[in-house]
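*Asks:* Using only what follows, build the 3D model:
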Amino acid sequence: MKEDLYNKIDEYFKTDMVLIKNLNYLYKVSLTYKIISTLGLIITFLGFLMIYVLKFDIKIKSIIFIIGITIVIIGIFSLFFLILIYFLSDKAKRRENLIIKRQFDNKKMFKIYNYFASVYLKDINISNFNFFYNNNKETRKGIENTITFIYKNNEITFYIEKPVKLPKVDFLMSIDIENTIVLFLLILFIKSRYNCVSTMYITTNKYDSSFNDIKVEKVKLNRRSFKSESIVFNKNYRINVDANDIKGPLFLSPKLIDKILSSNHKDFLEIGFNEKVYYKRMSVLKNNIIEQIGILNYSTINSYKKFKKQLFIKIVSDFDSIKKSLDLIIATI
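*Replies:* Purely as a prediction, here's the structure:
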């Protein structure tokens, strides 16, 4: 089966020399960027380390002069470094947009995902599977790639948001660091974290507009909120309705409670209703960032073989995510 899926990818991309050429170019630009960034960080680190050492060594003469020269060197290098980063990142972004456009044109990805759906979702009663790609110029801005299908007469919509880079300072402020230089160096060297969110919607006539904004969250229980009969559920989740609100037990059925507890999704964010039932999952990741549907980390791909492998892994991951969300959300209908 895996071989058949690889062959399907080959059918649409193996002879696309323009795609392969752009991937190779982007890889070289990204590699250059990483090398320059690393050198810049090392030099900056050494400069600040020198200043830090001189701060405590009163025997060294002309400290002001040495510190001044150090700051000047760091300043000149940083200016050059920033200009080069801007130039490389801008060229890389344009080339990445070309790759994405090439990957998704002529409904190639729609056909591949449709084929994968017939394999990975064959044990689920679905129909009318569709993959939608918004091919505007800002190809990675906002929500674009969406999968829809019908499950037991209910329309399902699934998408993955563009990963959001979290400020390093917010994370570091939670750590007790009094030294400013150490804090600055940590900001330079610590790896960025990303917020990765996926959402699934399902249409149903089970709830009316009075249920809008109701949601179950993975947070501590509010004393006034509705309590279920499950002690385990009440310790880990809450629904944002008062204890005497009838909508609580109507939405938070025993079936949904059992499914939430048995699934035990670590990335559970909330499940609720706003015109449609929705289920959001969120992970904070440093590695293996979850991109939008069908989107890859193109800067790490330097050959067609690697492109094919990464695309296969991404598609399987997308369908696993669909099955995971679907398994929980259908407990509401």
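*Asks:* Please enumerate the strands of the protein.
*Replies:* 126-132, 146-151, 154-160, 164-165, 194-202, 214-217, 225-226, 238-242, 268-274, 276-285 (DSSP state E).
*Asks:* need the ones you listed in TSV with mean pLDDT and distance to Ser299, can you?
*Replies:* C-beta here means a position set from N, CA and C on the backbone, and glycine is covered the same way. Converted to TSV, those look like this (pLDDT from 0 to 100; distance: least, C-beta to C-beta, whole Å):
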stretch	mean pLDDT	distance to Ser299
strand 126-132	92	24
strand 146-151	94	25
strand 154-160	95	19
strand 164-165	84	15
strand 194-202	94	15
strand 214-217	92	35
strand 225-226	67	45
strand 238-242	86	41
strand 268-274	94	28
strand 276-285	93	17
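*Asks:* Is the nearest residue to Asn130 once chain neighbours are set aside bridged to anything, and to what?
*Replies:* Counting by C-beta to C-beta, 6 or more residues apart in numbering, Asn130 lies nearest to Thr148, which is 4.9 Å off, once chain neighbours are set aside. Beta-bridge partners recorded for Thr148 (DSSP bridges): Asn130, Thr157.
*Asks:* could you measure Thr148 against Phe312, distance?
*Replies:* 23 Å (C-beta to C-beta, to the nearest Å).
*Asks:* How about Lys101?
*Replies:* Taking C-beta to C-beta, one finds Lys101 at 21 Å from Phe312.
*Asks:* circling back to that earlier point, for Ile322, which of the strands of the chain is the nearest?
*Replies:* The closest of those to Ile322 is strand 154-160. By C-beta to C-beta, the value is 5.4 Å.
*Asks:* Could you list every helix and strand in contact with that closest one?
*Replies:* On a contact count with 3 or more C-beta pairs under 8 Å, 6 or more residues apart in numbering; DSSP states H and E, strand 154-160 meets strand 146-151, strand 194-202, helix 304-329.
*Asks:* buried ones in the second one?
*Replies:* Neighbour-count burial for strand 194-202 flags Tyr194, Asn195, Cys196, Val197, Ser198, Thr199, Met200, Tyr201, Ile202 (criterion: 16 or more other C-beta atoms under 10 Å).
*Asks:* so where is the stretch 51-200 of the chain shaky, pLDDT-wise?
*Replies:* For the stretch 51-200 of the chain, the stretches with pLDDT under 70 are 51-90, 135-143, 168-191.
*Asks:* Turn the helices and strands packed on strand 154-160 into JSON lines, columns for distance to Phe268.
*Replies:* Listed next are those as JSON lines, based on distance: least, C-beta to C-beta, whole Å:
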{"stretch": "strand 146-151", "distance to Phe268": "20"}
{"stretch": "strand 194-202", "distance to Phe268": "11"}
{"stretch": "helix 304-329", "distance to Phe268": "8"}
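*Asks:* Looking at these, which is nearest to Asp4?
*Replies:* Closest to Asp4 of those, according to C-beta to C-beta: helix 304-329, at 11.2 Å.
*Asks:* and the closest one with strand 276-285, angle?
*Replies:* On the basis of axes from the mean of the first three to the mean of the last three C-alpha atoms, to 10 degrees, helix 304-329 is oriented at 130 degrees to strand 276-285.
*Asks:* and helix 304-329, how far out from the chain's middle?
*Replies:* Offset of helix 304-329 from its chain centre (C-alpha atoms, centre = their mean, to the nearest Å): 13 Å.
*Asks:* Tell me the helices and strands packed up against that helix.
*Replies:* Looks like helix 304-329 contacts helix 2-13, helix 17-56, helix 108-120, strand 146-151, strand 154-160, strand 194-202, helix 254-263, strand 276-285 (3+ C-beta pairs under 8 Å, 6+ apart).
*Asks:* Please repeat the previous calculation with a cut-off of 7 Å.
*Replies:* helix 2-13, helix 108-120, strand 154-160, strand 194-202, helix 254-263, strand 276-285 (3 or more C-beta pairs under 7 Å, 6 or more residues apart in numbering; DSSP states H and E).
*Asks:* quick one: buried residues of the shortest one?
*Replies:* By neighbour count with 16+ other C-beta under 10 Å, strand 154-160 contains the buried residues Asn154, Ile156, Thr157, Phe158, Tyr159, Ile160.
*Asks:* same thing with the first one?
*Replies:* By neighbour count with 16+ other C-beta under 10 Å, helix 2-13 contains the buried residues Leu5, Lys8, Ile9, Tyr12, Phe13.
*Asks:* swap in the last one?
*Replies:* Residues of strand 276-285 classed as buried by neighbour count (16+ other C-beta under 10 Å): Lys276, Val277, Tyr278, Tyr279, Lys280, Arg281, Met282, Ser283.
*Asks:* got a list of what Phe131 touches?
*Replies:* Residues near Phe131 by C-beta atoms under 7 Å, 6 or more residues apart in numbering: Met109, Phe110, Tyr113, Asn114, Ile147.
*Asks:* What does the pLDDT read for the closest residue to the first one other than its chain neighbours?
*Replies:* The spatial neighbour of Met109 that comes closest, neighbours along the chain excluded (C-beta to C-beta, 6+ apart), is Gly294 at 5.2 Å. pLDDT, the model's per-residue confidence, is 93 for Gly294.
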